[in-house]
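*Asks:* how does the following fold in three dimensions:
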Amino acid sequence: MPTADELISSQTAEALAHALRTVVPDLPLTRLHAAAAQLEGLPLRARVEQLESALLADVPGDYAALARVVRSAHGTNPTFTGWMIWPVTEVIASKAVADGGTEAFDDAMALLAELTGLLTAEFAIRSLITHDPDRALAIIRTWTASSDVHVRRLASEGTRPHLPWAKRIPELSQTPGATVPLLEDLYRDPAEYVRRSVANHLNDLSRDHAALVIGTAERWLAEPDGSTERVVRHGLRTLIKRGDPDALALLGFPSVGQALQIEGPAVDRQSVAVGEAVEFHAAIRNISEDDVRLTIDYVVHHLKANGRQSPKTFKLTTMTLRPGQMTELRRSHSFRPISTRRYYPGAHALSLQVNGVETTRAEFELTTNGVPCSV
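*Replies:* Purely as a prediction, here's the structure:
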């Protein structure tokens with residue numbers, strides 16, 4: 001399976017050249033062929049930009065000429081699909097913005113909707129939103145009623161505040177409620193594919209605008225269908241990890257106050273080497289007279305380069321404890337080297353988070369024993 005940076009390779013670029021030549025045989029595509037040989041070692045976004053620049057140089061004419069070529073390739077060549085579509089959509093957006101007219105803008109929005117099912121247009125559409133957010137959002141709002149599931153998803157995914165691999169949209173950051181009407185239209189969508197995007201969009205918003213998200217989730221839970229609770233739960237996951245009391249209460253996890261007796265956590269060793277795992281255990285007893293619904297996470301406090309600890313929260317379990325009932329928790333946490341985290345030897349700690357409230361910490365030392373701290 002290719003890595004993220006290999007999704008757009010020299011083979012992808014050559015396949016794109018072949019697909020375009022089937023509709024415009026005399027198109028030289030000199031820059032595209034050259035770019036294909038220069039992708040090695042570049043991260044994914046840089047590969048897209050390399051091919052976008054090549055296409056802008058190789059495909060002559062204005063936006064309308066480009067749109068004719070793209071629609072012809074889409075309509076006649078079944079190989080015109082997959083990861084080659086990303087740079088194509090970026091060129092469409094770039095040419096439409098450069099044109100400056102509403103006719104090109106509206107047609108580019110329509111063309112991206114036509115292409116999104118071939119891969120996605122969620123990245124390129126952000127250039128059009130940035131250029132004219134009001135006009136773009138008005139068009140996108142109509143997509144929420146589309147019969148095409150890919151277009152409905154594009155309405156949510158393309159406007160996400162923190163979409164991975166994508167450019168930020170400053171205009172939407174300044175008006176965080178601007179995309180909520182799109183989510184209101186889609187949170188009960190019949191397709192899980194769309195609802196998952198809605199939940200991720202809601203979670204993105206929660207990183208900066210917790211009150212807006214909690215108010216939105218409250219409205220949805222007041223008029224739910226069979227999937228609403230799952231959408232809300234996934235959309236509030238960052239707030240839950242942060243221990244936000246309003247988000248916890250909304251999902252039925254109240255403040256536990258003096259209802260619990262917690263022993264631990266305790267770790268099975270005081271020194272853990274990179275590449276090994278630490279096991280921890282704890283016990284929780286409900287000492288109240290009522291049932292208590294719990295969401296329990298564990299938090300690893302990693303030592304950073306600046307000498308301070310930084311918490312990372314991991315899901316553990318949810319449960320309901322009856323009066324007098326006790327549960328024992330046990331889990332192993334691995335410190336194997338991964339590409340997304342660098343380990344620093346020294347003092348680490350581990351704690352539980354029960355309905356948003358952190359327990360005491362169990363401390364231990366992380367050592368290297370000659371193992372690289374990152375990969």
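
*Asks:* tell me the buried residues in stretch 95-109?
*Replies:* Under the neighbour-count criterion of 16 or more other CB atoms under 10 Å, stretch 95-109 has 95-97, 99, 104-109 buried. C-beta here means a position set from N, CA and C on the backbone, and glycine is covered the same way.

*Asks:* which parts of stretch 323-342 are buried?
*Replies:* Neighbour-count burial for stretch 323-342, with 16+ other CB under 10 Å as criterion, is recorded at 329, 331, 335.

*Asks:* distance to E263, secondary structure and pLDDT added to the residues you listed, as JSON lines?
*Replies:* What follows is these, written out as JSON lines (distance: CB to CB, whole Å; DSSP: H, G, I helix; E, B strand; the rest coil; pLDDT from 0 to 100):
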{"residue": "L329", "distance to E263": "10", "secondary structure": "strand", "pLDDT": "97"}
{"residue": "R331", "distance to E263": "15", "secondary structure": "strand", "pLDDT": "97"}
{"residue": "F335", "distance to E263": "25", "secondary structure": "coil", "pLDDT": "96"}
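
*Asks:* just give me the closest of the buried residues of stretch 95-109 to N200.
*Replies:* For the buried residues of stretch 95-109, the closest approach to N200 (CB to CB) belongs to M109, at 22.1 Å.

*Asks:* where does that closest one land in three-state SS?
*Replies:* helix (DSSP: H, G, I helix; E, B strand; the rest coil).

*Asks:* give me the pLDDT value at the residue lying farthest from the centre of the chain.
*Replies:* The outermost residue of the chain relative to its centre, with distances by CA atoms, centre = their mean, is E289 at 41.3 Å. What the model reports for E289 is a pLDDT of 95.

*Asks:* assess the claim that it and P323 are in contact.
*Replies:* Yes: contact criterion CB atoms under 8 Å: E289 and P323 qualify, at 5.3 Å.

*Asks:* on that earlier part again, make JSON lines out of the buried residues of stretch 323-342 and add distance to V354.
*Replies:* Output for the buried residues of stretch 323-342, formatted as JSON lines (distance: CB to CB, whole Å):
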{"residue": "L329", "distance to V354": "10"}
{"residue": "R331", "distance to V354": "14"}
{"residue": "F335", "distance to V354": "24"}
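
*Asks:* any weak-confidence spans in the stretch 101-250 of the chain?
*Replies:* Counting by pLDDT under 70, the stretch 101-250 of the chain shows no low-confidence range.

*Asks:* now do the helices in it.
*Replies:* Shown for the stretch 101-250 of the chain, the helices assigned by DSSP state H, counting those that start in this stretch span residues 102-115, 125-131, 133-143, 149-157, 170-174, 180-186, 192-206, 210-222, 228-235, 237-242, 245-250.

*Asks:* which strands or helices does the first one pack on?
*Replies:* Looking back up the chat, that one is helix 102-115. helix 63-76, helix 85-99, helix 125-131, helix 133-143, helix 149-157 (3 or more CB pairs under 8 Å, 6 or more residues apart in numbering; DSSP states H and E).

*Asks:* could you say what helices and strands the last one packs with?
*Replies:* Using 3+ CB pairs under 8 Å, 6+ apart as the contact definition, the elements that helix 149-157 packs against are helix 102-115, helix 133-143, helix 180-186, helix 192-206.

*Asks:* highest mean neighbour count out of those?
*Replies:* Highest mean neighbour count of those: helix 192-206, a mean of 22 (counted as mean count of other CB atoms under 10 Å).

*Asks:* if we can go back for a sec, of all the helices and strands packed on helix 149-157, which one is nearest L212?
*Replies:* It is, among the helices and strands packed on helix 149-157 and with distance given as CB to CB, helix 192-206, at 6.3 Å.

*Asks:* secondary structure element for D297?
*Replies:* Assessed by DSSP states H and E, D297 sits inside strand 292-303.

*Asks:* quick one: average confidence on that strand?
*Replies:* Here strand 292-303 scores 96 as its mean pLDDT.

*Asks:* next SSE downstream of it?
*Replies:* Per DSSP H and E, the first helix or strand lying C-terminal to strand 292-303 is strand 309-321.

*Asks:* give the partner strands of that next one in its sheet and their orientations.
*Replies:* Paired strands of strand 309-321, with direction, are strand 292-303 (antiparallel) (DSSP bridges).

*Asks:* list the buried residues of the strand it pairs with.
*Replies:* By neighbour count on 16+ other CB under 10 Å, the buried set for strand 292-303 is 292, 294-303.

*Asks:* starting at the chain centroid, how far to it?
*Replies:* Taking CA atoms, centre = their mean, to the nearest Å, the mean C-alpha location of strand 292-303 is offset from the chain mean by 22 Å.

*Asks:* report the angle between it and helix 228-235.
*Replies:* In terms of direction (axes from the mean of the first three to the mean of the last three CA atoms, to 10 degrees), strand 292-303 departs from helix 228-235 by 20 degrees.
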